[in-house]
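sharing a model that was predicted from the sequence below.
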Amino acid sequence: MAEEKKISIKFPDHLKEGAYANSLGVLFTHEEFVLDFIMAAPPAGTVSARVITTPGHAKRFAAMLNDQIARYERTHGAIKTAVEPRSSNAFDA
């Protein structure tokens, strides 16, 4: 069995406050997935972070997120899926 290697992960100060996102755009090619995390505040939105990764890593990320959502729901109850806005301007009646 291969010995497990530990990786020391540095957390740069400029990333510690995080980036808020309430929307996500996903693009892909044969070689990569592009995840654009968006802070949508009608009438506009801004990409707050972009992550580019391989398809294999994207699939692993999705599995990890699904696992964490299941753990969250076991602790805190079911999460209601956010409703998509009905118009391009959420402030419209």
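Good, I have the coordinates. Numbering: from 1, shown residues only.

and the helices in this protein?
Ranges of helices in the chain, per DSSP state H, are 55-76.

beta partners for residue 45?
Taking DSSP bridges as the rule, residue 45 bridges to residue 40.

burial count for it?
By the criterion of other C-beta atoms under 10 Å, residue 45 has 15 neighbours. C-betas here are computed from N, CA, C, even on glycine.

residue 40 now?
15.

so it touches residue 22, yeah?
Yes: if you go by C-beta atoms under 8 Å, residue 40 and residue 22 touch, sitting 5.7 Å apart.

list the contacts for the closest residue in space to residue 55 that isn't next to it in sequence?
Leaving aside its chain neighbours, residue 55 sits nearest to residue 33 (6.1 Å; criterion: C-beta to C-beta, 6 or more residues apart in numbering). Residues near residue 33 by C-beta atoms under 8 Å, 6 or more residues apart in numbering: 26-27, 52-55, 57-58.
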